[in-house]
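Engineer: Generate coordinates for the sequence data below:
(2 chains)
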Amino acid sequence: MRWTQTFIPTLKESPTDAEIASHKLLLRAGLIRKLGAGVYTFLPLGLRALRKVEQIIREEMDRAGAMEVLMPAIQPKEIWEQSGRYETASGVLFKVKDSAQRDWVLSPTAEEVITSLAANEISSYRQLPKNFYQVGVKFRDEIRPRFGLMRAKEFIMKDAYSFDTTDEGAMASYHKMYEAYQRIFARCGLKAFPVEADTGVIGGNYSHEFMVPAETGENDVVYCEACGYAANLEKATSGLPKTAPRDIGPAVEKFPTPGVVTIEALAKEPYKVAANRQIKTLVYILDSRPVIILVRGDDQLNETKLMARTGAVAVRPATADEIVPLLGAKPGSLGAVVNVPSEVPVYADDRLQGANDMTTGANEDGFHFRNVSLERDIKVTQWFDLRTVKVGEPCVKCNQPVKIQRAIEVGHVFKLGTKYSEKLNALYLDEAGKQHPAVMGCYGIGVTRTLQAVIEQSNDKDGIVWPIGTAPYTVCITPLSVKPDSDVMKLAEQYYAELTAKGVDVILDDRDERPGFKFKDSELVGFPIRVGIGEKSLAKGEVEIKPRSGQLIVAKRDDAVAKVLELVAAA
RNA sequence: CGGAGCGUAGCUCAGCCUGGCUAGAGCACUUGCUUUGGGAGCAAGACGUCGCAGGUUCGAAUCCUGUCGCUCCGACCA
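Structural biologist: Coordinates of the predicted model:
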C-alpha cells in the first residue's frame, strides 16, 4: 500500500476526550474516530490491525477444532425470556422494537441462539462434541462507555460455544479453549494470564478470565508469586485465620456511644474497640428482599461474592429510609443481636465464625453491645465467604503474601453446565437411547478491546510500538525523496515489490514531506520496521533499517531485503 | 441514576466573570516562493447556524430558562 493512496489522518495533539495512552494513540495514529459515546468508526489502519487480531483468533480456534458460524445480531425477545436472561441481564441489554411493535434484543452474546440451534439440529451423542464460534458485532447498553474501545456500546467479540455429552467432555473442551486462548494472546504480542473468575449472569460453575496487566484496567487481580495462584478480586479468597475466640463474660452488655456511627470512631478513645473486634452490620436489598450481612469491622463486603453465594440477580445497599423501620436504628448503630425480624436472613462472613468478645450496634441509635458471641448471641442464617481480599494476606494455597494488580479483561472462558441446554431443550440421546441435556461451555474474547490492550501495553513517548503479529503493516519504507526517477524512489519501489512478493505487509511512504515529518508519523503509527532510504547514505551504498523498538541497523543496499525478512522471521 | 465539568474553525484552545463595532490564536488545510535526514520559513487564502430552542436587552458567544450532546468521579459491568 502507498501512503498517499490510503487514509491515515494522524494528529499531533490528542482530542480531549481521550484519557488513557491507548485511547489517545488510537485517535492520534488515525486508527479510529468517534461517532458518539462508545461508538467508533474503524479507519483503514485500525481495521487492518483489527483484522490481524481476528485472523490470529480464527487460526487458533480452527486449530482447536472449533467451527466458524455467523449468528444474527438481532434476536427475538422470546429466547431471552426462555433463558431467563431478559430479566437478569436487563441492565445491559439493548432492547429495540420493530415497526410492528415486536420486541428484539441486540445481541450482547449468543448462548440463546446457539442453544436453540443445537436443540433443533443435534439429537444424538454421535453428533457431539461440537464447538461453534463466530466473530462479530456485539451490543451492550453500557451505562457509561469509557476509554475508547475498552468499554463501548458496540464492539467486536469472538464468542464460542461448546456442546458435550458429559462433564468430562465439557472439561476437555474447556481446556482446549483455555490453551487456544494462551496461544492467541501470545501471538497478539500480549502478556495475558488466566485467573480464576466469577461467572456473573452468564452462569455456570467454573471460569477463568484472561487478564492483561495494566494500571488503566478495570479489574483487580489477586495473585501469588510463590505458587502462581491468581484470581479476580471478585472471586479471590485468602488463607487468613478465623477470628480468635477469647474468654468472655456471661452476657452481652449495652453501652452508650452517642454520635458514634463509624468503625473508626468506635476504635478511638474513649471506646478503643479495635476494628477487628467489631462486627460491621450491613443491610442489603437482594432482588427486592432485605437481608442483614455481617463482616468483621476491618473487612469489606464483596458484592460479587454476595450475588454468587445467594444467587441474587440485583443487589444494592438499603437506604436509611428502608433500614430504620426494619431494625429500629439508623446505619451506624446496627447489629443483629436483638430486634431482627424473623423473616430477614442474616448472612455472616466465614471469618466471624466462632468469634466472641465482639462489639456491634444495638439497633438503637447511640448504643452498642459489647461482649458479643457470634455463636451465642446472633442467629446466623448462613455462613459465606463474603469479604474482599487485601494486599499482603496469606495466599489461600501456599500461605505466602499475595499481591494485587490492576488488569484489563480480554477473554473469559466458562464451563456452563446444563443451564441453557435445559431451559432451551438442547437434548441428545445417549447410546442407551436415554435423553440428556448437552453439557455446555462458552468462551469469549473482546476483539476490539484486545486490540486496544495491545496498544496500552506496547507504546512509548513517540507512539505505538506494534508487536509484529498485530501491526497494520509490518514494514514502512520511507524514501526521503519521492521524485519518481530518483535513485532513492526507484530503490524504494524495488524493496516494496520484493518484500510484497515475499508476503510481507508493506506500506510505502510516498508522501512528498520532509524527513522529520515522515519519521515522526511512522513512529506514531508504530510500524515494527522502518526502512529509510536517503540520498546521502545511498551514495555510500547504504540504507537504514530501524526496528521500532530497537537500534538502527545500517545495511548494504542489496542486503536490506534479506535483513528485513530475517527480522520479520525472528519476531 | 447521583456528583462535577465542558460544548466557539478539522484538532487544541482564548474570548464569557464585567453584553457593544468585523468572533480570535496555534496546529491542520489551499496556493506560491524558499527549504529538504527528525513534526520547516515567509506570503496570500479558505474554513464558524459560537451545540440547539426560547427569553431578557437598543444590542447576546457573553446574562436567564429549557433542551441535547460529550467528558470525568461514583453506582453498574457477560
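
Engineer: can you map out the helices along the stretch 451-571 of chain A?
Structural biologist: A:487-501, A:515-525, A:535-539, A:560-570 (DSSP state H, counting those that start in this stretch).

Engineer: Any idea which of the ones you listed gets closest to RNA strand B?
Structural biologist: Between RNA strand B and the helices of the stretch 451-571 of chain A, the tightest spacing by CB to the nearest atom of the strand is seen for helix A:515-525, at 2.0 Å. C-beta here means a position set from N, CA and C on the backbone, and glycine is covered the same way.

Engineer: Quick check: closest non-adjacent residue to the closest residue to RNA strand B within the stretch 1-150 of chain A.
Structural biologist: Residue nearest to RNA strand B within the stretch 1-150 of chain A: residue A:108 (2.3 Å; CB to the nearest atom of the strand). In space, residue A:108 comes closest to residue A:140 once its chain neighbours are excluded; the distance is 4.9 Å by CB to CB, 6 or more residues apart in numbering.

Engineer: Touching, that neighbour and residue A:105? I think so.
Structural biologist: No: counting by CB atoms under 8 Å, residue A:140 sits too far from residue A:105 to count as a contact (11.2 Å).

Engineer: can you list residues touching both of the two?
Structural biologist: Taking CB atoms under 8 Å, 6 or more residues apart in numbering as the criterion, residue A:140 and residue A:105 both touch residue A:94.

Engineer: ok, now how distant is the closest residue to residue A:246 other than its chain neighbours from RNA strand B?
Structural biologist: Nearest residue to residue A:246, sequence neighbours excluded (CB to CB, 6+ apart): residue A:357, at 4.3 Å. Going from residue A:357 to RNA strand B by CB to the nearest atom of the strand, to the nearest Å gives 32 Å.

Engineer: so what pLDDT did residue A:357 get?
Structural biologist: pLDDT recorded at residue A:357 is 92.

Engineer: just residue A:205 next, same as before
Structural biologist: So, for residue A:205, pLDDT stands at 70.

Engineer: swap in residue A:201?
Structural biologist: Residue A:201 is given a pLDDT of 66.

Engineer: For the longest strand seen in chain A, could you pull out the residues that count as buried?
Structural biologist: As assigned by DSSP state E, the longest strand anywhere in chain A is strand A:403-417. Residues of strand A:403-417 classed as buried: A:404-405, A:407-417 (neighbour count, 16 or more other CB atoms under 10 Å).

Engineer: What pairs with it, parallel or antiparallel?
Structural biologist: strand A:206-213 (antiparallel), strand A:219-223 (antiparallel), strand A:439-446 (antiparallel) (DSSP bridges).

Engineer: Roughly how far does the spatially most central residue of chain A sit from RNA strand B?
Structural biologist: The centre of chain A sits closest to residue A:409, judged by CA atoms, centre = their mean, with a distance of 2.1 Å. Separation of residue A:409 from RNA strand B (CB to the nearest atom of the strand): 7 Å.

Engineer: That residue against residue A:211, yeah?
Structural biologist: Yes: between residue A:409 and residue A:211 there is a contact under CB under 8 Å: 5.9 Å.

Engineer: any common contacting residues for these two?
Structural biologist: In contact with both residue A:409 and residue A:211: A:217, A:219, using CB under 8 Å, 6+ apart.

Engineer: Ok, which of the strands paired with strand A:403-417 comes nearest RNA strand B?
Structural biologist: strand A:439-446 (5.4 Å).

Engineer: So the closest one, near RNA strand B or not?
Structural biologist: Yes: on the criterion CB under 7 Å from any atom of the strand, strand A:439-446 is in touch with RNA strand B at residue A:444.

Engineer: now do stretch A:496-512
Structural biologist: No: applying CB under 7 Å from any atom of the strand, one finds stretch A:496-512 separated from RNA strand B by no less than 7.9 Å.

Engineer: Pull up the distance across that stretch, start to finish.
Structural biologist: Using CA to CA, to the nearest Å, the end-to-end distance of stretch A:496-512 comes to 17 Å.

Engineer: what sits up against that stretch?
Structural biologist: By CB under 8 Å, 6+ apart, stretch A:496-512 touches A:1-4, A:6, A:48, A:471-479, A:482, A:489, A:492-493, A:495, A:518, A:521-522, A:527, A:561, A:564-565, A:568.

Engineer: Report the contact partners of residue A:62.
Structural biologist: residue A:68.

Engineer: Could you do residue A:392 as well?
Structural biologist: A:401-402.

Engineer: sec struct for it, please.
Structural biologist: Per DSSP: H, G, I helix; E, B strand; the rest coil, the secondary structure class of residue A:392 is coil.

Engineer: Can you give me the distance of it to RNA strand B?
Structural biologist: 22 Å.

Engineer: Return the set of buried residues in stretch A:72-89.
Structural biologist: Those would be A:73, A:75-77, A:79-80, A:82-83, A:85-86, A:88-89, for stretch A:72-89 by 16+ other CB under 10 Å.

Engineer: now the helices for the stretch 251-400 of chain A?
Structural biologist: A:263-267, A:303-310, A:320-327, A:374-377.

Engineer: Please point out which parts of the first one sit buried.
Structural biologist: If I follow you right, that is helix A:263-267. Neighbour count says helix A:263-267 has A:263, A:266-267 buried, by 16+ other CB under 10 Å.

Engineer: Can you tell me which of these is nearest residue A:364?
Structural biologist: Residue A:364 lies nearest to residue A:266 out of these, by CB to CB, at 14.9 Å.

Engineer: can you tell me the residue of the stretch 251-400 of chain A closest to RNA strand B?
Structural biologist: Counting by CB to the nearest atom of the strand, the stretch 251-400 of chain A gets nearest RNA strand B through residue A:303, at 5.2 Å.

Engineer: Next up, the contacts around the residue nearest to that residue when sequence neighbours are not counted.
Structural biologist: Closest residue to residue A:303 apart from its sequence neighbours, by CB to CB, 6+ apart: residue A:315 at 5.7 Å. Residue A:315 makes contact with A:284-287, A:303, A:306-307, according to CB under 8 Å, 6+ apart.

Engineer: repeat that for 10 Å
Structural biologist: A:284-287, A:291, A:293, A:301, A:303-304, A:306-307 (CB atoms under 10 Å, 6 or more residues apart in numbering).

Engineer: from these, which has minimum pLDDT?
Structural biologist: residue A:287 (85).

Engineer: where's the residue lying closest to that residue once chain neighbours are set aside relative to residue A:527, distance?
Structural biologist: Using CB to CB, 6+ apart and skipping the chain neighbours, the partner closest in space to residue A:287 is residue A:312 (5.1 Å). According to CB to CB, to the nearest Å, residue A:312 stands 50 Å off from residue A:527.
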